[in-house]
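> Model the following, please.
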Amino acid sequence: MNITKMEQAIITNVEQVHDYFQINSTKFILNIYNSFHVKCNNITSNNNELLLGKVIKTAELTEEKALVLELKDNILIHISLAADDYLGPEAVQIKFSTGEVILI
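Numbers count the residues shown, from 1 in each chain. Model (predicted):
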């Protein structure tokens, strides 16, 4: 599973779809089913529009059981992968424009 393919993508849309969030980019669509938060300069924000047009610098799975996307302008998207935060069979679904799908 190579999530680094998410890097250098530009976020084009963020929206809530039914009971999950969807982030569209120039390389993939990310469906987020677990809890997540966005931090800008270490301050948690619920303004997901600040993600629009931002470039993903890094994507990593951390030892703290999270998928973390670091964006330019000191913005982090932190998606929990902790067992208690799963609301369904997967935490996220990443659909790349190449057709590859990653489920975590």
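> Show me which residues of the helix or strand of the chain with the lowest mean pLDDT are buried.
One helix or strand of the chain scores below all others by mean pLDDT, DSSP states H and E: strand 43-45, with a mean of 88. For strand 43-45, the neighbour count (16 or more other Cβ atoms under 10 Å) marks no residue as buried. (Each C-beta comes from the backbone N, C-alpha and C, glycine too.)
> Please apply the same query to stretch 53-68.
Judged by neighbour count (16+ other Cβ under 10 Å), stretch 53-68 contains these buried residues: 54, 56, 59, 66-68.
> what's the spacing between that stretch and its chain's center?
The chain centre lies 7 Å from the centre of stretch 53-68; the measure is Cα atoms, centre = their mean, to the nearest Å.
> change the start of the numbering to 833 and stick with it
All set: I'll call the first residue 833, so the last point we hit is now stretch 885-900.
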